[in-house]
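Undergrad: the sequence isn't on hand, but the structure is:
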């Protein structure tokens, strides 16, 4: 439901984002939504900023579409796991390339 609402945000900084995880506070009144976006770190940060700017719109959209006792306050944060995975993959590829050269 939230991913559908994110697609309705008309800010061009959002671009094509992926919501990767959500952490709810124990009282269910706060939600941290992890966001991934292909491109540079600046693009990702701009998308997160745009989503946080649209948080009230997104919270209202979630409230109207979901049957929740409380609609949590939304805070979007960057998710570095894809970048970290890409960095690990590059390191592994480099190791394999070095091994191939040694043969």
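TA: Sure, I can see it. Only a predicted model underlies this, so the values are computations on that prediction, with no experimental measurement involved.

Undergrad: list the buried residues in stretch 60-79.
TA: Applying a neighbour-count criterion of 16 or more other C-beta atoms under 10 Å, one finds 61-62, 71-72, 74, 76, 78-79 buried in stretch 60-79. Where C-beta positions appear, they are placed from N, C-alpha and C, glycine not excepted.

Undergrad: pLDDT-wise, what's the bottom of these?
TA: Minimum pLDDT for these is recorded at residue 79 (89).

Undergrad: in three-state terms, label the nearest residue to that residue once chain neighbours are set aside for me.
TA: Distances taken as C-beta to C-beta, 6 or more residues apart in numbering put residue 34 closest to residue 79, at 3.7 Å, once the chain neighbours are dropped. The three-state label given to residue 34 by DSSP: H, G, I helix; E, B strand; the rest coil is strand.

Undergrad: beta partners for residue 34?
TA: residue 21, residue 77 (DSSP bridges).

Undergrad: give the contact list for it.
TA: 19-23, 76-79 (C-beta atoms under 8 Å, 6 or more residues apart in numbering).

Undergrad: touching the helix or strand hosting residue 3 from outside, list them.
TA: Using DSSP states H and E, residue 3 sits in helix 2-7. With contact meaning C-beta under 8 Å, 6+ apart, helix 2-7 is reached by 14, 17, 19, 22, 33, 51, 57-58, 61-62, 65, 74.

Undergrad: nearest to residue 40 among these?
TA: Distance to residue 40 across those (C-beta to C-beta) is lowest for residue 17, with 13.8 Å.

Undergrad: next, give phi and psi for the nearest residue to the closest one once chain neighbours are set aside.
TA: Leaving aside its sequence neighbours, residue 17 sits nearest to residue 37 (C-beta to C-beta, 6+ apart; 4.7 Å). Main-chain dihedrals, residue 37, degrees, to the nearest 10: phi -150, psi 130.

Undergrad: is it true that residue 37 touches residue 20?
TA: No: in this structure, residue 37 is not within contact of residue 20 by C-beta atoms under 8 Å, at 10.3 Å.

Undergrad: which residues in the protein form helices?
TA: For the chain, the helices defined by DSSP state H occupy 2-7, 41-53, 55-65, 81-102.
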